[in-house]
Structures are given as C-alpha cells and as structure tokens.
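Undergrad: Provide a 3D model corresponding to the input given below.
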Amino acid sequence: MPIRNRFAELHPDITAWRRDFHAHPELLYDTHRTSGIVAEKLRSFGCDEVVEGLGRTGVVGLIHGKNGPGAKTIGLRADMDALPIFEATGAAHASTTPGKMHACGHDGHTAMLLGAAQYLAETRQFEGTVAVIFQPAEEGGAGADAMVQDGLIDQFGITEIYGMHNSPVVPQGEFAIRPGPFYAACDSFTIKVQGKGGHAARPNNTVDTTLVGSAIVMALQSIVSRNADPQQPLVVSVTSFRTETDAYNVIPEHVELRGTLRSFDEGLRQTALQRIRDIARLTAESYGAMATVIGDEIPYPSMANHVLETDHCVAAARAVAGEAQVNPDAPRVTGGEDFAYMLQACAGAYIQIGNGPSAGLHHPEYDFNDEIIPLGCSYWVTLAEQRLAG
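TA: Below is the predicted model:
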C-alpha cells in the first residue's frame, strides 16, 4: 500500500495550505488564524464533529468510519505554532511577520494532517473514529498538556494516540522511530548571582559577579563528566550570560545565567537538577556572593514511545515507504517534545519523517520540504486504516 494516488491530486492544494501557514506564523497559544482555518477546512471536508478551544486554541475533528462511531478512537496529532525567529529563507512564501517564522515545520505537520483528514472523510474505509488533533504551543508552552488537562483523551474516548515530526537528518522518503525514551526531558533554569558592584579599577572592593558567574558555568560541566553514568545521555548547557551594565569600567552587582538540562532517565534528571542548585549556591558562596536557582515553570518530561504502538507505526510506515526505508531503532533526540504529555495520558507513539538535507530545525534558513507531503499524508491514512481495520 504505497503513497495514495489521491495525494498526488491533492498535493498542490496541501502545499498551498502549508505555504499560507508559513507566511502567517503564530506563536504559542496565539494561533487564532491558523486554528480558524483548520476548523473551517475540517467542516468543509465533512468531519462529523469539530471542537474548537480545547487547550485554549486547539482544534479536534472527529471522522467516523463507514459504520458509524464504533468502540475505538485513535488520535492523530499535529502542532501548529511557530517560533520567535527572523526568517532568512528568501522564499516567496516567507513570513510576513518580522520576528516570527515556521522554523520547525509545524506548518507542514498541520497541512499534512489536514490532507489526511480530507481523504479519511471522503473514503471512511475504517471502523471506529479518527480524531485529528491540532495543537498549539508546542514550542515551550506545553500545549499538549493543556489539551490533555482540558479532557482530550477522556472527552473523545481516545485509546491510542500518534504524532509525527519532520527531521532534516532523516533522508527524504524515510521514517525513523524507536520504542521507549525517544526525546529528552527538557528543563530550563535561571541562576541569579548577587555580589557587590563597583569600579573595575578597584576589584578588591567588590564581589565580582562576572567572575562568580564564569566559575559557575565551568563548574556546571562537572555534572555530566562526574555525576552522570557514562551510559546515560545528559546535556547541561548555559546559553545566556547577562549583566546589568554594558560599561567597560563597571563590575556589576548582579549577573543572570540561563540554560537547559536535557536527560532521558528520571533519576538522573533529578540528580542533575539538585547538582545545579548545589553548585550554583556553593560556588557563589566560595567567592562571597549569593546565587539563587529558578526552575522552569513548564518542564517537558522525556517522551517515551509505547512498545506495541511503536510496532504499529513501523508497520504503517513500511507499508507506505518500504521496509528498508524505515529505521525502527533510531538514535535518541536530545531535543524536547511536549507530545510526551499525551503519551503519559494514553498509549501511543511518535515517528520522524525525513525532510531531507536542509538547514536545521529552529534555524532562520530552515523550510519544510513540500515534496514529502504525499508520503506524510499516506502514512497517516495507512496508520488510521490499519488500526481501525474491520
């Protein structure tokens, strides 16, 4: 069951939808235009029910099979939000909003799931119900958790849930997946250092926060090298070092560090978070300063695929792309993914579709590859039909 011929016909339309979304990016929960277009199209396709406002701006469309709702419902999820990045693609469909762009392919994810929804509503060659889920705020807002908290799983009786993301490191025409932990838990932290400011010519009269902050940055790297099992992936990155002055001759009173922790093992995650707090406090004290660590308000847990549902994804991907084009033991990804919340609430799995060589995700020159649209749509349809076979 290769790529469906219908998607060759729909390809220009789906591409146009994708490029329209790309030209009009929206951040976090402010996806009102995108959500409105999604809901309008789902109704025009003949979805049996369209629910808006789940998880603030999320949209869910229900498509019943040939014999009605049935006893089983599977969920297919796409994310809709963009990123606060200035686009540098030079594409004709580039962002019309400076400082916002679809640098992660969510425009393509939304368009592919819309294409699949149109096909499923036309054909209905399955038993039960498909819930197509369009989620806001994946990029740091935990929109998946918001939709779950609003009753996504229970309200629609979803028994299995699936997600898909494009990957520039996976060749075009291929899929990649793995059972168990696939994407990392992602915790952000802020370290506020307070010392004693003063004149750069008289550092002996100060408690130099830039020196303290630098020492903390260096000491944090010992967490990976000396506190983590070498067999367990762990990444600690300090990505921002801010002072309250840009003057050449002023030692600042305060310094702020920001960074992220990425992990797959929950025990190691908690150990590393505690070490960040201890290292910051004790290092600062050794210099006569003070340090306070503020944790992330919305930490993403590790996204772990369920074993059986991973097998279902592999079967559908192989049916569409061929056995050799599906990697069932893909490497772990140290990026975060809030689909983790949905997989904590319901059995399911998350797969990567190859975008082919391109700029990396979250890069100002990244763009979604429209040539993979028929493959992605066919995967969604095949997965739905296989999981809801009569």
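Undergrad: how is the protein divided into domains?
TA: 5-182+302-387, 185-295 (automatic domain parsing).
Undergrad: please work out which of these is packed deepest.
TA: Across those, the average number of neighbours (mean count of other Cβ atoms under 10 Å) peaks for domain 5-182+302-387, which reaches a mean of 20. For glycine as for every other residue, the C-beta is placed from the backbone atoms N, C-alpha and C.
Undergrad: that one: how far from the chain's middle?
TA: Distance of domain 5-182+302-387 from the chain centroid (Cα atoms, centre = their mean, to the nearest Å) equals 11 Å.
Undergrad: what is the mean pLDDT for that domain?
TA: Per-residue pLDDT values over domain 5-182+302-387 give a mean of 97.
Undergrad: what helices or strands is the lengthiest helix in the chain leaning on?
TA: Longest helix in the chain, counting residues (DSSP state H): helix 266-286. Contacts defined by 3 or more Cβ pairs under 8 Å, 6 or more residues apart in numbering; DSSP states H and E place helix 266-286 against strand 185-194, helix 209-220, strand 234-243, strand 254-263, strand 290-295.
Undergrad: in its sheet, what does the third one sit against?
TA: Think strand 234-243. strand 254-263 (antiparallel) (DSSP bridges).
Undergrad: got the helices and strands packed on helix 266-286 as a markdown table, with mean pLDDT and distance to V326 columns?
TA: Formatted as a markdown table, the helices and strands packed on helix 266-286 follow (pLDDT from 0 to 100; distance: least, Cβ to Cβ, whole Å):
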| stretch | mean pLDDT | distance to V326 |
| --- | --- | --- |
| strand 185-194 | 97 | 26 |
| helix 209-220 | 98 | 39 |
| strand 234-243 | 97 | 27 |
| strand 254-263 | 97 | 26 |
| strand 290-295 | 97 | 38 |
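Undergrad: closest one to R387 among the ones you listed?
TA: strand 185-194 (28.0 Å; Cβ to Cβ).
Undergrad: could you give the separation of that closest one from the chain centroid?
TA: That offset, for strand 185-194, works out to 20 Å (Cα atoms, centre = their mean).
Undergrad: what's it in contact with?
TA: 209, 212-213, 216, 253-264, 266, 269, 273, 276, 280, 284, 289-296, 299-302, 335-336, 340 (Cβ atoms under 8 Å, 6 or more residues apart in numbering).
Undergrad: that strand: what's the following helix or strand?
TA: strand 198-199 (DSSP states H and E).
Undergrad: for that next one, packing partners?
TA: Secondary-structure packing of strand 198-199 (3+ Cβ pairs under 8 Å, 6+ apart): strand 250-251.
Undergrad: what does the strand it packs on contact?
TA: Contacts with strand 250-251, where a contact means Cβ under 8 Å, 6+ apart, come from G195, G197, G198, H199, A200, P203, T206, D208, T209, T210.
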